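Visitor: structure here, sequence nowhere to be found:
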């Protein structure tokens, strides 16, 4: 094994081992279990950094060119292979997953939501990390599907055990809705494997080795795209998201919005577009139109929301609309925009959900009508909320801007009346985003202090867990805004190769 | 791949210090003040160094990202106007920072305030020095968000949060166009460097239609930032911000940015007569609308706010008739006298504890420094020779009277509107001057008001110098060259004479009528029309705000009832079906046994049929 392969395997195995260790400790060692899990999460993050440092320039021979790769036979009789690898498109997402998991575990050192048993929560977070990382690393369709499903149950448990009052209903809706998506994914995977005789993504990305007819490609793309649209989520397949977010505990929301949704957009880019480009080509206008509708619908719904976490959840629908619009253009510009949009959304919305959790912990309510005057009683908390909201509304100079502006540019690049209109409408959506975030800030931070926030006392200050978990995200939102190359320099050549299929 | 270090330092120092200042706790007032004043002082020093060093071309910039085949670079372009406008920004920012130390002496949220002023200054300087459209957009929008934060600063004013939101949203609506215009230019020029875009326009890579579309889109953003009709409505409401912030927004930052950007991109606008006609119409409406609305206000800051709207109309008018140098000249003189006027108004408000002119009067004797400096500022605003505004306004009028890139008739509209505005400006200036400083005090506070601390008086005296003398710089040929014109900027011609006659007429009428109460009686129809600025706020509310809110409510209900309703319906339907089947299965033994036997018979028949068919 080369060092790259060892690191690759470690990014998958370390969280899994950490999860076992944390869950295996007895209840009286709850805090030790959480510390143990956090140490494993930190070790994984270190491994991911080392993996990034080990990156070498590719040779440009294959369309997917991992800089670390493991390819072992798994079930030879079924021609299944354990094929994982990391390239410029997946690495930023793997890094984001490692970062957010570490921050969530660290947050759990100080704050465990009801009903306690923090070591189990940490353990589930690590299982989630292993599953999500597996999705980003998998280079075999069946393996991809397996990891995609691994994520489902731990997330269900996180919402159903540590969630709010209506948690069971929300968790059930989440699991059933996304299972429906998974069925489509499974059918799509089998359509591809049956018609082309291989599930290997690297092989499938080569047009010469893709014997699928145009009709089969369209079918495969439609099935896969629908499956990923549920996960992303794409309007109008999004209604599991607000319920899940409103009820999930803070760390659950952060992981859900920060990285779990990215499995959908990543899958669309890597699997659906990569495997069935002709199908993508033919479906692109529909996908683009739905993505733009999501931007506008998400924005308008946010403008009429009355609950903090629901509002942020719906803002995710709008933001993922920009990401999907970028993918739908099938241009290198749009795909790059989608990638940085993904990362930025993970960082900024992760921060927003952390802050929203902080507010709900203190005020014991998320109803906007019962909040107000936060800057009078908790100025630092209010400042972080304002910062996160401003970053989320796509202010140039902070992370959220790049993905949105360049998705619009990519739509213009496609040209023609349809795509130009979509670009203009999407840009209007950015103004709506400003409107609902400023409405949110006006309700929560300005004015006289509401009774729910009036008597905070020393609780108004940020706790150590909050400081540790939030400050990296605050810094990253600014760093990505000033130097987007932090996320983009990994992927430019990989994206150019992918978009090269379409001659763009 | 290089960036001019001086040009980079200009925005980077205040931005960096501003970000650092945001991290300071509230109790560290001293350090906050040091960071704020230090940032502005360093920026001013850099700006002066840039001017002394001479004019430079655009540098290559550094690549910050690559989106497919679109590189995004950040670079600087320190041409003549950039240096001079940067100096104006630096001077005003420094005055505002010093003044704020005294003005906010008992405000516990001074620390973030000073930091936000630094960010604001840095963002404006980024717009000024940037040689790239994307970097320019960053400064442009950061400025917008800083204005939002600062206008909403005052917690005692219930209208402040609303005014702050309005300022950001109205400008953001314009910025949709601004972003689209930038993307259109970048798309066709394959670069966001301003120099490359100019080259592409020159070589024909940008078609005439593209240039016109991009310029008109950019004008939407300019109308938002520079408060041009119909996106001017946010500016008077922005008076809810602390007075030094009004000075900052109205003088050298924010509203100046739109005018500056059009001047910076003038080689593009020059190629698009259609966009210039749009600008000319906007300018003509804005200058007269602003001046007339200023006549009807009782709040001293709102008078000044509407005067800014009107003066910005002069600048955009000059741009429309093909005289960017005159526009920049007026931008610089206006920066000086408007900053002075706001800071002086702040000192009056500080003394009287009230914004309303009906509660002032007779302050001349008790506040001599404020009175004399404000008189200079008002004279410059009205265009009294030889004060600053006289020369720059004259340059605008002369440009409108000359030949330019727009059709003759359009230039004539600008000229007539500008002439009428001269008379109305003189009228509201005299009204403000007389009602604030002369006559008998109309309230107890006005009777006992006194001069503020020296930290507040000092900036007034400093700003009075350029307000009085900056216009004379227009006589120097080197100044005009820096602003991009070969001809002397300050000259006297027939337009000067006409303007002086209109000035005297407007002033005389106002003096005459204010001796018997207010100029326009506030409770009459015309009075209400002017005080409400032609009810354009209500129009905006009815045409945009309320429909959007209604649409949002509709979208939410549709999402909950239809989209989610369908999902829930499927779930409930499946559950109900399951219940039905459960009940069907919960049968007593005889019926169950019959059913099993029946089932066995059915299966047997099916097997028999299938076997029969296959055979």
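Guide: Received the coordinates, thanks. What you are looking at is a predicted structure, and each value in this text was computed from that prediction instead of being measured.
Visitor: how long is stretch B:475-495 end to end?
Guide: 17 Å (Cα to Cα, to the nearest Å).
Visitor: which residues touch that stretch?
Guide: When contacts are defined by Cβ atoms under 8 Å, 6 or more residues apart in numbering or on different chains, stretch B:475-495 is touched by residues B:55, B:79-81, B:83-84, B:323-326, B:328-329, B:391-392, B:394-395, B:397-398, B:401, B:471-474. No exception for glycine: its C-beta is placed from N, CA and C like everyone else's.
Visitor: in that stretch, which residues are buried?
Guide: Using 16 or more other Cβ atoms under 10 Å in any protein chain shown as the burial criterion, the residues of stretch B:475-495 that qualify are B:479-485, B:489-490, B:495.
Visitor: how about TSV for the residues you listed, with secondary structure, pLDDT and distance to residue A:190 added?
Guide: TSV is the format used below for the buried residues of stretch B:475-495 (DSSP: H, G, I helix; E, B strand; the rest coil; pLDDT from 0 to 100; distance: Cβ to Cβ, whole Å):
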residue	secondary structure	pLDDT	distance to residue A:190
B:479	helix	82	76
B:480	helix	81	76
B:481	helix	82	74
B:482	helix	83	72
B:483	coil	83	70
B:484	coil	80	68
B:485	coil	79	73
B:489	coil	76	76
B:490	coil	74	81
B:495	helix	84	81
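Visitor: which of those residues sit farthest apart?
Guide: Of all pairs drawn from those, the one with the largest separation by Cβ to Cβ is B:482 and B:495; the distance is 23.5 Å.
Visitor: number of nearby residues for whichever residue of the stretch 251-400 of chain B sits closest to chain A?
Guide: Nearest residue of the stretch 251-400 of chain B to chain A: residue B:257, at 13.6 Å (Cβ to the nearest Cβ). Around residue B:257 sit 27 other residues, with neighbours defined as other Cβ atoms under 10 Å in any protein chain shown.
Visitor: which SS class is it?
Guide: Reducing the assignment to helix, strand or coil with DSSP: H, G, I helix; E, B strand; the rest coil, the entry for residue B:257 is helix.
Visitor: what residues are up against it?
Guide: With the criterion set at Cβ under 8 Å, 6+ apart, residue B:257 makes contact with B:124, B:127, B:139-140, B:143, B:225-226.
Visitor: how far away is the residue nearest to the spatial centre of chain B from chain A?
Guide: What sits nearest the mean C-alpha location of chain B, by Cα atoms, centre = their mean, is residue B:225, with 3.0 Å. From residue B:225 across to chain A, the span is 14 Å (Cβ to the nearest Cβ, to the nearest Å).
Visitor: my guess is that residue contacts residue B:140, does it?
Guide: Yes: in this structure, residue B:225 is within contact of residue B:140 by Cβ atoms under 8 Å, at 7.0 Å.
Visitor: strands of chain B, start to end?
Guide: For chain B, applying DSSP state E gives strands covering B:62-67, B:70-74.
Visitor: chain A is nearest to which of these?
Guide: Comparison of the strands of chain B against chain A by Cβ to the nearest Cβ identifies strand B:62-67 as nearest, at 4.1 Å.
Visitor: list the contacts of the closest one.
Guide: Outside strand B:62-67, the residues that reach it (Cβ under 8 Å, 6+ apart) are A:332-333, A:336-337, A:340, A:402, A:406, A:409-410, A:482-485, A:488-489, A:492, B:1-3, B:71-75.
Visitor: in it, which residues are buried?
Guide: By neighbour count, with 16+ other Cβ under 10 Å as the criterion, the buried positions of strand B:62-67 are B:62, B:64-67.
Visitor: could you do stretch A:471-491 as well?
Guide: If you call a residue buried by 16+ other Cβ under 10 Å, then stretch A:471-491 has these buried ones: A:472-474, A:476-477, A:479-481, A:484-488, A:490-491.
Visitor: backbone torsions only: list them for residue B:362.
Guide: When quoted as degrees, to the nearest 10, the phi and psi of residue B:362 stand at phi 70, psi 20.
Visitor: measure it to residue B:512 for me?
Guide: 20 Å (Cβ to Cβ, to the nearest Å).
Visitor: same question for residue B:465.
Guide: Separation of residue B:465 from residue B:512 (Cβ to Cβ): 32 Å.
Visitor: about what we covered before: comparing residue B:362 and residue B:512, which residue is more hemmed in?
Guide: residue B:362 (17 against 11).
Visitor: ok, now which ones touch the nearest residue to that one once chain neighbours are set aside?
Guide: What sits nearest to residue B:362 in space, not counting adjacent residues and going by Cβ to Cβ, 6 or more residues apart in numbering or on different chains, is residue B:441, at 4.1 Å. Applying Cβ under 8 Å, 6+ apart, we find residue B:441 in contact with B:360-363, B:447.
Visitor: let's have those in CSV, adding pLDDT.
Guide: Shown next, in CSV, are those (pLDDT from 0 to 100):
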residue, pLDDT
B:360, 82
B:361, 76
B:362, 78
B:363, 80
B:447, 80
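Visitor: for those residues, which single residue is the most surrounded?
Guide: Greatest neighbour count in the contacts of residue B:441, by other Cβ under 10 Å, goes to residue B:360: 26 neighbours.
Visitor: re the thing from before, quick one, which of the contacts of stretch B:475-495 are buried?
Guide: Applying the neighbour count, that is 16+ other Cβ under 10 Å, the buried entries in those are B:79-81, B:83-84, B:323-326, B:328-329, B:391-392, B:394-395, B:397-398, B:401, B:471, B:473-474.
Visitor: in stretch A:151-165, what counts as buried?
Guide: Along stretch A:151-165, these residues count as buried under the neighbour rule (16+ other Cβ under 10 Å): A:151-152, A:154-164.
Visitor: any regions of the stretch 401-504 of chain A where pLDDT drops low?
Guide: Low-confidence segments of the stretch 401-504 of chain A (pLDDT under 70): A:504.
Visitor: give me every residue in the stretch 251-400 of chain A lying close to chain B.
Guide: Within the stretch 251-400 of chain A, the positions adjacent to chain B are A:297, A:300-305, A:331-337, A:340, A:376, A:379, A:383, A:386, A:390, A:395-397 by Cβ under 8 Å from any Cβ of the partner chain.
Visitor: report the buried residues of the longest helix anywhere in chain A.
Guide: Scanning chain A for the helix with the most residues, using DSSP state H, yields helix A:332-363. Applying a neighbour-count criterion of 16+ other Cβ under 10 Å, the buried positions in helix A:332-363 are A:332-360, A:362-363.
Visitor: same check on stretch A:106-114?
Guide: Within stretch A:106-114, the residues scored as buried using 16+ other Cβ under 10 Å are A:106-109, A:111-113.
Visitor: and the residue of chain B at minimum distance from chain A, how far from residue A:100?
Guide: The minimum distance from chain B to chain A, using Cβ to the nearest Cβ, falls at residue B:68 (2.8 Å). Here the distance between residue B:68 and residue A:100 works out to 27 Å (Cβ to Cβ).
Visitor: of the two, who's got more company?
Guide: When residue B:68 and residue A:100 are compared for neighbours, residue A:100 comes out ahead with 30 against 21, by other Cβ under 10 Å.
Visitor: so the more buried one lies in a strand, does it not?
Guide: No: counting by three-state DSSP, residue A:100 falls outside a strand, being helix.
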